[in-house]
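J.: Structure of the sequence below:
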Amino acid sequence: MKIHNLLIHLHNNIDAFSIKPRHVDLIRGIVPDARIIVAEGQSNFLERLHEADCALAWVFKSGWYVAAPKLKALFTPAAGHDWVAEDPSGRVKTFYGSFHGRIMRESLLSMMLHFNRRIGTSLADQKNRVWGRPGYSECVALFNQRLLLVGFGPLGRSMAELLKVFGARITAVKRDTRGFEGDPLVDRVISFDRLEEELPEADHVIFVLPGGARTDGIFTSRHFNAMKPGACLYNLGRSNCYREEDLLNALKHGPLACAGLDVFAEEPLPPASPLWEQPNALITPHSSAISREYIDLFIQEWREILRKI
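T.: Now for the predicted structure:
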């Protein structure tokens, strides 16, 4: 794609998600002949939108497309459609980020090792000057465990790629399994209607599902009850796939031994939420994709897409 006027509005309250001068230099090296405008804010972005044939933005509302008659392509780092709407007319191609897995899989791995290697207990022992070596006999290795990966899009595939290196036995769950038979990244791919029968065998159940009506409440109390006693649950996708009341019940009374949680029904997680008090829960503030390399990875992906369109 040949770009003449590139408009950029990538400001965010998370510093790692905001464009820096060095990023603009990288972009200039990719499209040296383009006129590059970095908007100072949303108002300035909208004022200059009529000139752009390509835009990089965190937010774009459906009604804005009519104000962008020259726009051919819109790129956003976001994986979900929460902040950037597709063009209702279909005139403008909209591209969403699919690079997040390289960061998020490390966040997932850190959670899994936190529980497998009893890091929480180690930190408590260190604080109390306790030499708790005998307790490490309870540690278990990933290569001896079964993982159930619920969601097998770009994010799930990236996670499977890393976890497979550790020798874990991975079953991926996908709504439509056609074309995924014999996938080298996992041992098996099953449809969602078979999830319940697989839960009693899984040591780790990982959710990397998108939000929306199709995934709303699909993991029920029945599924929690079917899980293997002592299993761990992780959610780095969206929180709508189960009720937090069911999750809490499973953490307090079993069968769950632990949970690594990055997304919640209400964010920020309210101080009154009982999840804060669960000693077997590891809570991170929707931060699994936050990393210094975030915008760099977005620019790399943008460059590759430009070469193909």
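
J.: From residue 202, how far off is residue 196?
T.: Taking CB to CB, to the nearest Å as the measure, residue 196 falls 11 Å from residue 202. No exception for glycine: its C-beta is placed from N, CA and C like everyone else's.

J.: Looking at those two, which has the bigger crowd around it?
T.: Neighbours per residue (other CB atoms under 10 Å) separate residue 196 from residue 202, with residue 202 holding more: 24 against 15.

J.: I'd say the more buried one and residue 229 touch.
T.: No - applying CB atoms under 8 Å, one finds residue 202 not in contact with residue 229, separated by 11.4 Å.

J.: Does residue 151 touch residue 159 like I think?
T.: No - taking CB under 8 Å as the definition, residue 151 is not a contact partner of residue 159, at 9.0 Å.

J.: Mutual contacts of the two, please.
T.: Counting by CB atoms under 8 Å, 6 or more residues apart in numbering, the residues touching both residue 151 and residue 159 are 206, 208.

J.: Just want to know which of these two has more residues nearby.
T.: residue 159 (29 against 23).

J.: Could you chop the chain up by domain?
T.: 5-100+292-308, 101-283 (automatic domain parsing).

J.: mind putting those domains in TSV, mean pLDDT included?
T.: TSV is the format used below for those (pLDDT from 0 to 100):
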stretch	mean pLDDT
domain 5-100+292-308	97
domain 101-283	97
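
J.: name the element residue 95 belongs to?
T.: Taking DSSP states H and E as the definition, residue 95 sits inside strand 93-96.

J.: what packs against that strand?
T.: Under the contact criterion of 3 or more CB pairs under 8 Å, 6 or more residues apart in numbering; DSSP states H and E, strand 93-96 touches strand 73-76.

J.: residues near residue 238, how many?
T.: Residue 238 sits with 20 neighbouring residues when counted by other CB under 10 Å.

J.: Isn't it up against residue 209?
T.: Yes - under the criterion of CB under 8 Å, residue 238 makes contact with residue 209 at 6.0 Å.
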